[in-house]
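**Q** Give me a model of this one.
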Amino acid sequence: MEDAVEVREELMMSSSFDSLEVLLDSFGPVRDCSVNNGGCNKNFRCIADRKLDSSGCVCPEGLSPMKDGLGCYDRHVGIDCSDGFNGGCEQLCLQQMVPLSEDPSIYNIFMFCGCIEDYKLGADGRSCQLVTESCGKGTACVEPTETVMNQTLFGEIFYGYNNHTKRLAPGQVLKGTFRQKNFARGLEQQLPDGMIVASVPGENQCQEELSESIPDPDYLTGMVNFSEVSGYPMIQRWKLTAILYHVRLSQTVLSQSFSHALRSLDGATSRNDFGALLEEFGNHYIQEAVYGFKESCTIWYPNKQVQRQLLMEYEDISKGNSPSDESEEKERGPRAITFPAYIDSLLESGTTRIAAGVRMHCENLGHCYSSCQLCHVSSLDRQPEPVLLGITKAAPIYELVTNNETIKSLQEAMRSSIWCSGKGDVIEDWCRCDSSAFGTDGLPNCAPLPQPILQLSAEYEPSSSLVILQWEHREPTVGVKIMDYLISQEKVTDRVDHSKVETETVLSFVDDIISGAKSPCVVLSQAPSQASASISLIMRCLESDTTYMFTLWAVDNMGRRSRSSEVIVKTPCPVVDDVKAQEIAEKIYNLFNGYTSGKEQQTAYNTLMDLGSSSLHRVLYHYNQRYQNFGEFTWRCEDELGPRKAGLILSQLEDLSGWCSGLLQETKIGLHRASVKYLACRYSELKSFNLKWSELSRDLMKTCEEQVLTVLYNNYGESKDF
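**A** Residues are numbered from 1 along each chain as shown. Below is the predicted model:
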């Protein structure tokens, strides 16, 4: 016996149809409407004609299908209990079959809100209010306007939260009511229903923290006004944190504004509509948070030495080691003073030379209470009202929704806003941009390349011949992928406006640097790994006392460049060995002392000509300091070597700028060395599209050898050595 499906397929393959209607007729009726309404639910009409409806079940004229597809209702009159939001009802959503006046044989499913026992329906027909003496039987209950929760204690927890920007949203997501007597120990205000507040033990409520000092991050990028005299300016942060309460909600009821916003999206398919909701109410709702107060101070120092000196003095004072009257101080014991208070006292008095160039900015979140002795900005005699310090637990806002279609739309809009700027859809790990999200170059731009921030190394200051640059490798989980970096080096010759560029070199990080193919003057110091995303490059072969501009771009697989990031810095003056300069000054004096033979004259001439301008400056300085009573250096050179040779030697002094010449007149110039590790890579072909940045450090160990570079620095005068 032949299979019926095969017979029909064979018939269709061998037959031709004059129209779509003839083709549909060949399939027969959709349903048998003579038996049990053709299997259609509730008040659906059964349609046998396939040309009228492919499912065979349609709503009567004037009615619309419910969200769950189990019946039809008049959307202009009633609500839909199956919309995923309980029809907007606070408690119950009820259904009733009502015959239509035009045709009593056809029914409408009329849906409306109701309340449980002891509650009455509010004036808005959706909310429920507890029956009280002022709202008795037979009396219409009028619900007051919904409480604006950010005006109440711990009210921020009812608002939305954006976990991407770490900020509260302006819209109130959850509803707060005060129907039950809910109080917490130590708090006079009544708490919202369902809120649980736990107090933190007193010994954990007043904790200060002073960070390590670091170079000011704002100083290390852009136009850097670096001075080899003072070095990097430093920054240090102090904070005082008191977590007083842990707060959580044990129940979640949607606010009226959030419920109305969700209902307005009924049937909406536009991503922008859901994106607007997330913009208003955030992409998460808060479940737990901590409250208390916080004070913080940021302190700027002109250099590391000033910071160290002030910290040591503060530690001595805190321990009672530097009293004006030792016997009196011993009786009083150690002083209770915070580091910001100590800095503040120095700045107000203005009597300490070392505090010159120090500045401080403090701010507070909430108010410190009097029992905390570490407060700096403010304190109150009474217990202050705690403020929100942080969100400890949050959940996606779509978890408050029960309708699957709305959940899916919210998830898609959330991913789009985070990864695709709200102008595209997330497909696996990339963004499919909208047609409106294309640039003038014809390439999509809804997921722009993140801008890498180029900065000077925080650990190593620029030297006279090299600069160490660093940046963080950051690429989004979804969207564009960084395939390479481009870095350019430009020598700026105009010292006034830094606008004239003499030379420019652009190198590829993958093709030129880590592959070992080009430029021994640019070497890799640190590559990204699982533990760190930092990349460091050593820019060698630089000229001293010269301004350079370094520019960095990230590059994706389509060749697009990110926004550029620049560092403009002047290299320090040439390094000089001051001990050696003193020895040469003494040697020249001995050669010039008494009768000078032709051989001694030539030795002196050769020695001085080989020095270079910076060392020659120091030889001149030390010679005149020690032997000027035997004749000034310039005069003795002319007298012993003759005007021509002396002129050739002394002309080297003009090769230095006025700034460097002035520094070389300092009484004391120290020399110190620093060791910098770098990778010397032999040539290898690296494919950028196969590059795994998090494993790059490990992979380079196969083709690169770690070596050490010695860097020389000068210290001028006493400015770096307090």
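
**Q** pLDDT on stretch 283-298, on average?
**A** Mean pLDDT, stretch 283-298: 93.

**Q** Just read off the phi/psi values of the residue most central in space within the chain.
**A** Per Cα atoms, centre = their mean, the C-alpha nearest to the average position across the chain is that of T165, at 8.3 Å. In terms of degrees, to the nearest 10, the main-chain angles of T165 are phi -90, psi -10.

**Q** Ok, I568 next?
**A** Dihedral pair for I568: phi -120, psi 120, per degrees, to the nearest 10.

**Q** next one: P340
**A** The phi/psi pair for P340 (degrees, to the nearest 10) reads phi -60, psi -40.

**Q** Which residue, neighbours along the chain excluded, lies closest to it?
**A** In space, and not counting its chain neighbours, P340 is closest to C297: 4.2 Å by Cβ to Cβ, 6 or more residues apart in numbering. No exception for glycine: its C-beta is placed from N, CA and C like everyone else's.

**Q** Which element is encountered next along the chain beyond the host helix or strand of that neighbour?
**A** C297 is part of strand 284-301, with elements assigned from DSSP states H and E. Reading on from strand 284-301 to the C-terminus, the next helix or strand found by DSSP H and E is helix 304-318.

**Q** looking just at contacts, which helices and strands does that next one meet?
**A** Counting by 3 or more Cβ pairs under 8 Å, 6 or more residues apart in numbering; DSSP states H and E, the packing neighbours recorded for helix 304-318 are strand 234-249, helix 339-349.

**Q** Using JSON lines, lay out those together with mean neighbour count.
**A** Below are the helices and strands packed on helix 304-318 laid out as JSON lines (neighbours: other Cβ atoms under 10 Å):
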{"stretch": "strand 234-249", "mean neighbour count": "20"}
{"stretch": "helix 339-349", "mean neighbour count": "16"}
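
**Q** ranking the ones you listed by mean pLDDT, which is last?
**A** The minimum mean pLDDT among the helices and strands packed on helix 304-318 belongs to helix 339-349 (a mean of 88).

**Q** what's the angle between it and strand 234-249?
**A** On the basis of axes from the mean of the first three to the mean of the last three Cα atoms, to 10 degrees, helix 339-349 is oriented at 130 degrees to strand 234-249.

**Q** show me the contacts for L671.
**A** 575-579, 712-715 (Cβ atoms under 8 Å, 6 or more residues apart in numbering).

**Q** let me redo that: K677
**A** Taking Cβ under 8 Å, 6+ apart, we find K677 in contact with 525, 706-709.

**Q** all helices for the stretch 601-722 of the chain, in order.
**A** Listed in chain order, the helices of the stretch 601-722 of the chain (DSSP state H, counting those that start in this stretch) span 613-627, 633-641, 643-650, 658-663, 696-700.

**Q** hang on, isn't C40 packed against C46?
**A** Yes - between C40 and C46 there is a contact under Cβ atoms under 8 Å: 4.9 Å.

**Q** what residues do the two have in common as contacts?
**A** Joint contacts of C40 and C46 (Cβ under 8 Å, 6+ apart) are 31, 56-57.

**Q** Give the buried residues for the strand holding C297.
**A** For strand 284-301, the neighbour count (16 or more other Cβ atoms under 10 Å) marks 284-287, 289-301 as buried.

**Q** so S536 is in which element?
**A** strand 534-539.

**Q** Quick check: neighbours of that strand in the sheet, parallel or antiparallel?
**A** Partners of strand 534-539 in the sheet, by DSSP bridges, are strand 467-472 (antiparallel), strand 522-526 (antiparallel).

**Q** Go through those strands and name the closest to P448.
**A** Nearest of the strands paired with strand 534-539 to P448, taken as Cβ to Cβ: strand 467-472 at 17.1 Å.

**Q** going on from the closest one, what's the next piece of helix or strand?
**A** By DSSP H and E, the next helix or strand past strand 467-472 is strand 482-492.
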